[in-house]
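*Asks:* the sequence isn't on hand, but the structure is:
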């Protein structure tokens, strides 16, 4: 009998990200909160990470800081600053079988 090891935290490797991320909202886009919209456009950031950036005043819509509950509309120009030392933390969802008793050596 053995046991499974799962959900081990680790820092994922990512190529260096630019200090500023930006996008513009296409016309006809359904009104979404800015944190939800940006987490869809930039999947490397979670909605809560974007929300934290909004609270820090780092998310600008049409050159003005916006709260995370701001509803984006077509034509909005969005930019946000990311700290240079930003590291994504995630959890691994793989399982590794660890035997309880050592395997006999042949």
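*Replies:* It's in. Keep in mind that this is a model prediction, so the values were computed, not measured. Residues are numbered from 1 along each chain as shown.
*Asks:* all strands for the chain, in order.
*Replies:* 2-5, 9-11, 20-24, 59-61, 64-65, 77-81, 89-91, 96-99 (DSSP state E).
*Asks:* count of residues packed around residue 55?
*Replies:* Under the neighbour criterion other C-beta atoms under 10 Å, residue 55 is assigned a count of 12. From N, CA and C alone the C-beta is placed, and that goes for glycine too.
*Asks:* nearest residue to residue 33 in space, please, no chain neighbours.
*Replies:* In space, and not counting its chain neighbours, residue 33 is closest to residue 69: 5.5 Å by C-beta to C-beta, 6 or more residues apart in numbering.
*Asks:* residue 73 too?
*Replies:* residue 31 (6.1 Å).
*Asks:* my read: the one you found touches residue 72, true?
*Replies:* Yes: with contact defined as C-beta atoms under 8 Å, residue 31 counts as touching residue 72 (6.7 Å).
*Asks:* separation between the nearest residue to residue 39 once chain neighbours are set aside and residue 61?
*Replies:* Distances taken as C-beta to C-beta, 6+ apart put residue 47 closest to residue 39, at 4.2 Å, once the chain neighbours are dropped. According to C-beta to C-beta, to the nearest Å, residue 47 and residue 61 sit 16 Å apart.
*Asks:* which one's more surrounded, these two?
*Replies:* The neighbour count for residue 47 versus residue 61, taken as other C-beta under 10 Å, is higher for residue 61 (19 against 15).
*Asks:* could you give the bridge partners of the more buried one?
*Replies:* With DSSP bridges as the criterion, residue 61 is bridged to residue 64, residue 78.
*Asks:* for the protein, which spans come out with low pLDDT?
*Replies:* 1-18, 84-104, 106 (pLDDT under 70).
*Asks:* residue ranges for the helices of it, please.
*Replies:* 34-41, 47-55 (DSSP state H).
*Asks:* can I get the ones you listed in a markdown table including distance to residue 76?
*Replies:* Output for the helices of the chain, formatted as a markdown table (distance: least, C-beta to C-beta, whole Å):
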| stretch | distance to residue 76 |
| --- | --- |
| helix 34-41 | 8 |
| helix 47-55 | 14 |
